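S.K.: give the three-dimensional model of this entry:
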Amino acid sequence: MTSWVRGRTDFQRSGPRGANGAGGRRSDPPGGGTGGHYSDGMVWKRRGADGAAPTPDLAPAQGADVAMGLVSADVAWLYRTLLGRSPSADEVASQRAATDDWRALLASIAASAEYKAAWSAGGNRANAAGQALVNVWHPDLSRFGHSPGTWSRDAEAVMGKEGWVFLGRGSNSVLDQYQSDFSLPAGWADRWTDVVQVRREEAEGLGASLALLVVPDKLSVLTGYVPDEIALGSRPPAAALAEDLGLGVLYPVAELARVPGGSYLRADTHLSMAGNAALAGAVLAALSAPDQLALGADAGTTPLVSFVSFGDLGSRFDPPVVEVVTTFNSLGGAVIIVDNHAEVEAAGRHLGTRRVMRNAAAPDPRTVVVFGDSYSFPASHYQGTAWYLAQYFREVHFVWSPFGWDKGYVEESGAGVVVCETAERFVPRPPALRVDVAELVKSAVAAS
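M.R.: Sure thing, here's the model as predicted:
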């Protein structure tokens with residue numbers, strides 16, 4: 001593996017490879033200087049064959065000028081280098097308030113539990129001293145796998161109890177949302193109230209039924225499987241949105257908690273087939289439709305497929321955490337009649353995906369528009385909410401726009417039912433009052 005040298009360094013000319021994500025030259029030396037030698041020549045040694053964490057040499061180089069002061073770029077660089085992630089704005093502000101010496105921050109990070117977890121024996125106990133790990137959960141083999149509290153290589157996901165993997169960080173600061181000091185943007189409640197009011201008033205004006213859905217995070221439903229060292233100290237914003245504001249937003253934690261065997265995939269943020277059925281049932285119940293029909297075609301005649309998957313969480317570990325996933329291997333009674341998913345995906349995007357499904361044998365002749373995200377996406381291998389709705393309603397339009405709303409699109413499609421859905425982790429950022437589906441689709445396809 002590539003090694004980093006230790007010793008005096010001219011950061012402007014030959015900074016450590018990887019410090020700015022590209023290697024070679026570094027134009028943003030710690031301290032924000034633009035020339036000369038940086039303070040003390042501390043350089044990190046990349047993990048060697050022994051899996052040891054990089055270690056700092058804090059002694060100033062002879063004759064070097066010591067740069068003082070701590071700027072935001074310093075905090076970000078140290079977090080990325082030592083913890084493998086970018087700090088939040090609050091973390092940057094907190095660290096700069098605590099010290100103006102980057103060496104003090106470095107020492108603080110190196111002493112933290114997060115740093116030790118991130119670098120301990122390969123970042124997540126993987127291959128420690130050549131030790132093999134079992135990377136699929138089984139009660140008889142659990143002591144040979146990633147132990148609860150083990151963080152992934154990128155410090156984004158954490159192993160819980162009985163093999164349940166949780167998203168802990170990421171761009172939406174998931175765990176932070178369960179802490180009492182988590183702050184919401186000014187006017188958050190009022191903005192959400194306006195968002196819901198626009199959807200309700202305009203849907204009513206069109207004569208369409210409306211369901212508003214926040215898909216609970218795994219942390220909210222499987223709290224008993226969160227590792228002991230992680231405290232969920234407060235209700236998340238989604239609970240406040242659903243329970244305190246009186247807006248009629250669905251947040252079906254109890255319904256998902258009742259699913260036998262668990263409503264989520266172990267190594268993924270998404271739901272199992274049974275969990276998706278329960279989620280769709282909650283939506284249909286809110287629409288006064290019989291939720292028992294959400295399953296659509298009988299499981300005895302609908303083909304099933306099982307496959308090994310490491311999911312969007314298991315893939316972050318070394319070795320990857322895998323599980324066997326079983327799903328319907330079809331679209332049930334529906335067929336796809338309009339679809340731009342392949343084009344949008346080719347551009348590395350999701351927003352603007354539009355998939356329309358039709359079911360000639362559906363018991364309800366109405367058209368549904370679903371504004372949502374991956375939890376609603378209908379596919380043969382993943383039964384998002386729109387998949388189940390397509391077993392009950394004649395036509396279902398899925399538009400990838402979390403909790404979006406486009407009155408013109410609803411009216412043009414002739415929809416009698418609208419579902420606005422978003423993932424819980426997005427709740428701290430209220431959605432736009434309206435979107436333009438035509439422009440969204442045009443932009444997505446143009447990027448492909």
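
S.K.: ranges for the helices of the stretch 101-250 of the chain?
M.R.: The residue ranges that make up the helices of the stretch 101-250 of the chain, judged by DSSP state H, counting those that start in this stretch, are 102-110, 113-119, 188-206, 218-221, 237-243.

S.K.: Val92: how many residues sit nearby?
M.R.: By other C-beta atoms under 10 Å, 19 other residues sit near Val92. Bear in mind the C-beta positions are built from the backbone N, C-alpha and C, glycine included.

S.K.: now swap in Asp181 and tell me
M.R.: Using other C-beta under 10 Å, Asp181 is surrounded by 8 other residues.

S.K.: next, give phi and psi for it.
M.R.: Reported as degrees, to the nearest 10, the phi and psi values for Asp181 are phi -90, psi 10.

S.K.: check what pLDDT it gets.
M.R.: The predicted structure scores Asp181 at 91 on the pLDDT scale.

S.K.: ok, it to Gly408 distance?
M.R.: With distances taken as C-beta to C-beta, to the nearest Å, Asp181 is found 42 Å from Gly408.

S.K.: same question for Leu175.
M.R.: Computed with C-beta to C-beta, the distance linking Leu175 and Gly408 is 39 Å.

S.K.: looking at the two, which one has more neighbours?
M.R.: Comparing Leu175 with Gly408 by neighbour count (other C-beta under 10 Å), the higher total belongs to Leu175, at 21 against 12.

S.K.: that one contacts Arg169, doesn't it?
M.R.: Yes - counting by C-beta atoms under 8 Å, Leu175 touches Arg169, with 6.5 Å between them.

S.K.: adding mean pLDDT, distance to Gly314 and mean neighbour count, write the helices of the stretch 101-250 of the chain out as a markdown table.
M.R.: Converted to a markdown table, the helices of the stretch 101-250 of the chain look like this (pLDDT from 0 to 100; distance: least, C-beta to C-beta, whole Å; neighbours: other C-beta atoms under 10 Å):
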| stretch | mean pLDDT | distance to Gly314 | mean neighbour count |
| --- | --- | --- | --- |
| helix 102-110 | 82 | 27 | 17 |
| helix 113-119 | 71 | 17 | 17 |
| helix 188-206 | 98 | 33 | 16 |
| helix 218-221 | 97 | 13 | 24 |
| helix 237-243 | 97 | 24 | 20 |
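
S.K.: and of those helices, who's closest to Asp268?
M.R.: Between Asp268 and the helices of the stretch 101-250 of the chain, the shortest gap by C-beta to C-beta is with helix 218-221, which sits at 8.9 Å.

S.K.: how far out from the middle of the chain is that closest one?
M.R.: The offset between the C-alpha centroid of helix 218-221 and the centroid of the whole chain comes to 13 Å, using C-alpha atoms, centre = their mean, to the nearest Å.

S.K.: for that helix, which outside residues touch it?
M.R.: Contact with helix 218-221 is made by 164, 166-167, 174-175, 178, 226, 232, 236, 238-239, 253, 256-257, 263-264, 269, 424, as judged by C-beta atoms under 8 Å, 6 or more residues apart in numbering.

S.K.: with stretch 262-274 instead?
M.R.: With contact meaning C-beta under 8 Å, 6+ apart, stretch 262-274 is reached by 137, 163-165, 167, 215, 217-218, 221-222, 256-257, 259-261, 275, 278-279, 309-315, 320-323, 325-328, 374-375, 382-383.

S.K.: next: stretch 372-381.
M.R.: Under C-beta under 8 Å, 6+ apart, the answer for stretch 372-381 is 213, 215, 270-271, 279, 305, 327-331, 334, 350, 353, 355, 357, 370, 384-387, 390, 396, 398-403, 419-423, 426.

S.K.: kindly state the beta-bridge partners for the residue nearest to Ala286 when sequence neighbours are not counted.
M.R.: What sits nearest to Ala286 in space, not counting adjacent residues and going by C-beta to C-beta, 6 or more residues apart in numbering, is Ala211, at 4.7 Å. Under the criterion DSSP bridges, Ala211 forms beta bridges with Val419.

S.K.: hmm, back to that, which of the helices of the stretch 101-250 of the chain sits closest to Glu412?
M.R.: With distances scored as C-beta to C-beta, the stretch of the helices of the stretch 101-250 of the chain nearest to Glu412 is helix 188-206 (10.6 Å).
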